[in-house]
Each structure stands twice: as structure tokens, then as C-alpha cells.
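Novice: mind looking at a prediction? Sequence and model below.
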Amino acid sequence: MLTIYNTLTRKKEDFVPINPNEVRMYVCGPTVYDYFHIGNARSFIMSDVLRRYLEYKGFNVKYIMNLTDIDDKIIKKANEEKISAKQVAEKYTAAFFEDLEKLKVRRASIHPKATEHIHEIIDFIEQLEKNGFAYNVNGNVFYDVAKFNEYGKLSGKKLDELDAGARVDVNEEKKNPLDFSLWKKAKEGEPFWDSPWGKGRPGWHIECSAMSCKHLGETFDIHAGGNDLIFPHHENEIAQSEAANKKKFVNYWIHFGFLNINNEKMSKSLGNFFTARDVLKLYSAESIRLLFSQTHYRGPLEFNDELLESAKRGLEKFDNLIDKLSLLPNPLPKGEGISPNFDFQSYYKNFEAAMDDDLNTPQAVAVLFDFVRDVNKTIAENENLPPEFYLNVKEFLSKTAQGVLGIIDLEKSDIQGGSIEKELIELLIHLRNDARKEKNFALSDKIRDGLNELGIELKDSKDGTTYKRAKK
RNA sequence: GGCGCUGUAGCCAAGUGGCCUAAGGCGGAAGUCUGCAAAACUUCUAUUCGUCGGUUCGACUCCGACCGGCGCCUCCA
């Protein structure tokens, strides 16, 4: 049974979806005004892991991630770059999908855009007006926080306390400083849409309520996002959706911890961030995903080169085993060998137990490392293993390490390939081994060192010489 | 000020009232292999869980105090 820590109840709960075999989940996506940073990537990756694990468990997952493609930051960027807001959004939307793909994050079922749901958003605001939760002041429409009794139930804040602590950003039009914009009146030169309240554009929070409702229904299973969205964003979504639909909005709220640099939150405003695409220039998606998987999703995650490097090194254990598998004859000889005493089921069981426990990926990763070690031992201790053994190893890694966590790529063995490059390397290895037979070590070492400089490492073993390419 | 999180080996990081004299990764050490090397593989690497008290037959795990770190309360994954 999968358990999930629910921010709403502050407890770990059994996960029971509304429909038995289906999970509907919504994750807050990016505002497309810039490249996203590696801290944002954590949310995308961990959401992806959650989605993959739900599928592993047999659920049919309907996964929505929105794109905020109209907003103050986009308009600001457009003015800076002297292009339209639409062009900014298009540019960074394309970049967003490119980066996701490089991170091996699977696309959501649908990535709805705010600007393509203006109609739904307007309907939603009208419903709020009708229910008495919204008020219009000169074309600006606000949500009346005081009308929603349960305001603060997600973040554990109380209205009066919030009021006291709220930083004064005086907006004369608001009844309460905590009221937030549902519809913003267009200023001169800003993009706008026609509405019952005049020309304007939607506020930030309303798009998620409108789009989740359209694509997932009034009540759905999981809503996820970064810790900093708890308040006010998710709190406001609840206020909007529950006030409009008069129904519970979301059953399970999941929030991801931050990425820290030197024990400090990575953020655009602090300037201590790396874009995902820059990190990807130096490290593979698998390295990044392993690093993220080695910390529980709710806790803070320390991020630096040394840790990325150690994740990359850790990955080599998997890669070496994958290389071993890829060197086996294809197809494997049938029915030969003695079955070792190797209990694959217990590894599946342990992996699932870890993941079921509020997505304890560090524990799950530990199970995978144990698995690799035990497989290596078994291979070393048994001369004549049956083909099923290797097939089972591959299947296990394929389902868990690759399928759920995405920390390995079974199709991409370094040893594989069919290019001329491969043939040249093999020719050099032959020449070198001839030199070694003649004890011409000066020449053989020269070849080895030369290849090394090109990023190709030779490995001599009993069964011959193999090579691998240096990796990210 | 309000609310919340957190302190485990050189670094990162799970975990639990007795199976913990504490997973896993990196780093370090030794061994196997090797012409040498690298790599690989194997083994070892915290008598101890921020400090001090308390509860308990028993705590690192529960409670209290103290010290330290972080976050939200404002756009933010």
C-alpha cells in the first residue's frame, strides 16, 4: 500500500484514489519567462518519479502540468527584450520542453496553457462572483479571502495572524491585504483579453483552478509543487476551487523541498542558481536524477559539484553491470547453466516497500545498489549461469532503476555501437595487444595513453580488452 | 513576531522504542586480477546518532530545556 505525506493533514496517509485504477494528478509547471533552474528541475523530476511509480503499480495516470504563459514577469521580459509577451512565452516554452527531455522527464498527459483557457478562467471567476467570493473594483477583480472560512487550512496560517504579519504593499482597492487578483486590468501597452470586467488578463492563481477543473474535474487525487507554493499559491487555489465548486478540491497535497547551495535556498532572487541546461552540459540526466533520488523529496537537498560528481561515480556501478550484460551473446544460449540461489522477488519487494513508504527513494536506491552488488557476487561465484538469470537481472533494472527512477539507460551501453569509430578503436586494441605479446610495452602503453587522452579508457582482463568512453 | 522543518561517519544521506553493537552512495584502506597501470570486483571503514536532563526493563528513536541551521509569512519549484 502506497502511503503519501499529505501537507493538508500533516500526516502520512494511505493513498486511495477516487477511481480504483486511475490517478488524476496536477503539478504546477513553470512560468515561461526564462530557463528553469536546477532547483525547479527537482520538482519536475520528483513529480515524474511519482508518476512513473504510480504507473509501475498499475495505475492509469492522468497527469496535468500547466504552463503559465501570461504574467507580470513575462511582460517585463518582453519589454526588456523588445519583443512581444507571446514571443517570450513561445521561446521559453520550447526551451522548457527541450530541457525536460534532456532530464528524461516524461511529458505530462496534457500541458495546458493559461492563454488557451481564457474562456474557462472567465467562467470560473464569474462563478466566484455569483457565489459571493469575488469583487470588482474598476476592472480589477479580487478574491474576498474573508468570505472563505477555511482560508489557511493548507498552510496552517490563521487569517488574523497573517494580516498582522503581512508586508504592506498597499493596494487601496483591496478590502483585505490578503485578497488576491483574479483578473487584472490591462495597463497601457500590455497584452489583454476582453472580459465582463473590461480588457485585462487573468491573475496567477486562477489559471490552476480553472485548468485543473477542466482537465481533471472538480475533485481529483494529487496536487504537487514546490514548498514555496503552499502559501499563497496553493492556499489560494483551494479557496478558489472550493468556493466555486462547493466541493473538496484535492485529496493529497504533495510538496517538494528546496535545493540548497551552501545551505541556502537556490532562487532566482538570491542569484545563487544554475540553469538546468547549464548543469546538463556537465552532468547527465542520470547523474542528476540519482543525486535527487538519494535525498527524500520533502527534505532540503544540498547541491554542489562534489555531490554531482559522487552521484556520477555511483552510477558507474550500474553502468559496469550493464556493460557486462551487453557483452553477452545475443541471443543467449538456451537452457544452459545452473540456477543460482538468487531471490529476485525479494529485491522487488524491498524496492516497492521503500517506494510505498512516502516515496522513500533513498531507500529504494539503496536496494538497487544492494542488488548490483549481489548480482556481481553471483556472477563471480558461478561459472555457468543460465540465460534466465541475466534476463531477470536486466528486467529488474529495466523496471526499477530505469522505469521508475530513470537513473540508468539500458539501451546506451558504452561498449555497443557500430560506427567506424568503434572499428578503429578495436583495430588499435588489436595492434596494442600484438605489441603486448611481443613485450613491446613502450608501444602498447603509448597506444593506451593516446586513447586515454581522447577519453577512451582501456580495460585489460582475462577475457580480452574492452573499452569505455568517459561519461558525463 | 507567527507558523513549520531540521541537526546521524571526512562529505551526502536513510532509518527505528529492543531485529540498530545504525542502510546506501562518495571518499579512504586492504585484497583479487594485471607486464605495469587503470578499471572492475570483494572486504573493511560511526560502541555511536547536536548538548543536557526526564520517561521506560530498554531511546539514536518519546518528552522537556538549551545550542545551531533552514524555510514560509512577498513573486518564487
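Specialist: Thanks, I have it. Since the structure is predicted, the reported quantities are computational estimates derived from the model, not experimental observations. Numbering: from 1, shown residues only, chains lettered A, B, ... in the order given.

Novice: distance of residue A:70 from RNA strand B?
Specialist: Distance of residue A:70 to RNA strand B, given as C-beta to the nearest atom of the strand, to the nearest Å: 13 Å. Backbone N, C-alpha and C define where each C-beta goes, glycine included.

Novice: please read the previous query as pertaining to residue A:148.
Specialist: Here the criterion is C-beta to the nearest atom of the strand. By it, residue A:148 lies 16 Å from RNA strand B.

Novice: is the one helix or strand residue A:423 maps to anywhere near RNA strand B?
Specialist: Applying DSSP states H and E as the criterion places residue A:423 in helix A:420-437. Yes: judged by C-beta under 7 Å from any atom of the strand, helix A:420-437 comes into contact with RNA strand B at residue A:436.

Novice: and for stretch A:35-50?
Specialist: Yes: contact of stretch A:35-50 with RNA strand B (C-beta under 7 Å from any atom of the strand) involves A:37, A:39, A:40, A:42, A:43.

Novice: between these, which is nearest residue A:385?
Specialist: Nearest to residue A:385 among those, counting by C-beta to C-beta, is residue A:42 at 39.2 Å.

Novice: residue contacts, that closest one?
Specialist: A:226, A:256, A:257, A:258, A:259, A:292, A:297, A:301 (C-beta atoms under 8 Å, 6 or more residues apart in numbering).

Novice: pLDDT wise, what is the residue lying closest to residue A:245 once chain neighbours are set aside at?
Specialist: Distance criterion C-beta to C-beta, 6 or more residues apart in numbering; nearest residue to residue A:245, sequence neighbours excluded, is residue A:218 at 4.3 Å. Looking at residue A:218, its pLDDT is 96.

Novice: how about residue A:333?
Specialist: pLDDT, the model's per-residue confidence, is 66 for residue A:333.

Novice: now swap in the one 3 residues further on and tell me
Specialist: The pLDDT attached to residue A:336 in the predicted structure is 63.

Novice: how close does whichever residue of chain A sits closest to RNA strand B sit to residue A:91?
Specialist: For chain A and RNA strand B, the shortest gap (C-beta to the nearest atom of the strand) falls at residue A:226, measuring 1.5 Å. Between residue A:226 and residue A:91 the computed distance is 23 Å (C-beta to C-beta, to the nearest Å).

Novice: then residue A:275?
Specialist: Counting by C-beta to C-beta - residue A:275 and residue A:91 are separated by 14 Å.

Novice: still on that earlier bit, can I get the residues of stretch A:35-50 next to RNA strand B in a markdown table including secondary structure and pLDDT?
Specialist: Shown next, in a markdown table, are the residues of stretch A:35-50 next to RNA strand B (DSSP: H, G, I helix; E, B strand; the rest coil; pLDDT from 0 to 100):
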| residue | secondary structure | pLDDT |
| --- | --- | --- |
| A:37 | strand | 94 |
| A:39 | helix | 94 |
| A:40 | helix | 94 |
| A:42 | helix | 96 |
| A:43 | helix | 95 |
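
Novice: which of those residues tops the neighbour count?
Specialist: Within the residues of stretch A:35-50 next to RNA strand B, residue A:43 tops the neighbour count with 27 neighbours, counted by other C-beta atoms under 10 Å.

Novice: residue contacts, it?
Specialist: Residues in contact with residue A:43 (C-beta under 8 Å, 6+ apart) are A:27, A:28, A:224, A:225, A:226, A:256.

Novice: phi first, then psi, for the third one.
Specialist: Its backbone dihedrals place residue A:224 at phi -130, psi 160, with angles given as degrees, to the nearest 10.

Novice: over to the fourth one?
Specialist: With angles defined as degrees, to the nearest 10, residue A:225 sits at phi 170, psi 180.

Novice: nearest spatial neighbour of it, skipping sequence neighbours?
Specialist: Closest to residue A:225 by C-beta to C-beta, 6+ apart is residue A:28, at 4.0 Å.

Novice: tally of neighbours for that neighbour?
Specialist: Residue A:28 has 21 nearby residues by other C-beta under 10 Å.

Novice: likewise residue A:265?
Specialist: Quick note: residue A:265 (other C-beta under 10 Å) scores 17 neighbours.

Novice: beta partners of it?
Specialist: Beta bridges link residue A:265 to residue A:260, judged by DSSP bridges.

Novice: per-residue confidence at it?
Specialist: Confidence at residue A:265, expressed as pLDDT, is 90.

Novice: pretty sure it is in contact with residue A:258, am I right?
Specialist: Yes: if you go by C-beta atoms under 8 Å, residue A:265 and residue A:258 touch, sitting 4.7 Å apart.

Novice: intersection of neighbour lists for these two?
Specialist: The contact lists of residue A:265 and residue A:258 share residue A:39, where a contact means C-beta under 8 Å, 6+ apart.

Novice: which outside residues touch stretch A:432-445?
Specialist: Where contact means C-beta under 8 Å, 6+ apart, the residues beyond stretch A:432-445 that reach it are A:447, A:448, A:458, A:465.

Novice: what bits of chain A have low per-residue confidence?
Specialist: Chain A contains residues with pLDDT under 70 at A:163-170, A:327-338, A:413-420, A:462-463.

Novice: how far away is residue A:140 from residue A:466?
Specialist: Residue A:140 sits at a distance of 68 Å from residue A:466 (criterion: C-beta to C-beta).

Novice: residue A:197 now?
Specialist: Separation of residue A:197 from residue A:466 (C-beta to C-beta) stands at 69 Å.

Novice: do the same with residue A:202
Specialist: Remark: distance between residue A:202 and residue A:466 (C-beta to C-beta) = 58 Å.

Novice: the two - which one has more neighbours?
Specialist: Per other C-beta under 10 Å, whichever of residue A:202 and residue A:466 has more neighbours is residue A:202, with 27 against 17.

Novice: what's the closest non-adjacent residue to that one?
Specialist: residue A:121 (4.6 Å).

Novice: to what extent is that neighbour buried, counted in neighbours?
Specialist: Neighbours of residue A:121 using other C-beta under 10 Å come to 24.

Novice: what's the answer for residue A:93, then?
Specialist: Neighbour count for residue A:93, taken as other C-beta under 10 Å: 17.

Novice: is it true that it touches residue A:66?
Specialist: No: counting by C-beta under 8 Å, residue A:93 does not reach residue A:66; the two are 11.5 Å apart.

Novice: overlap in contacts, the two.
Specialist: Applying C-beta under 8 Å, 6+ apart, one finds that residue A:93 and residue A:66 are jointly contacted by residue A:113.
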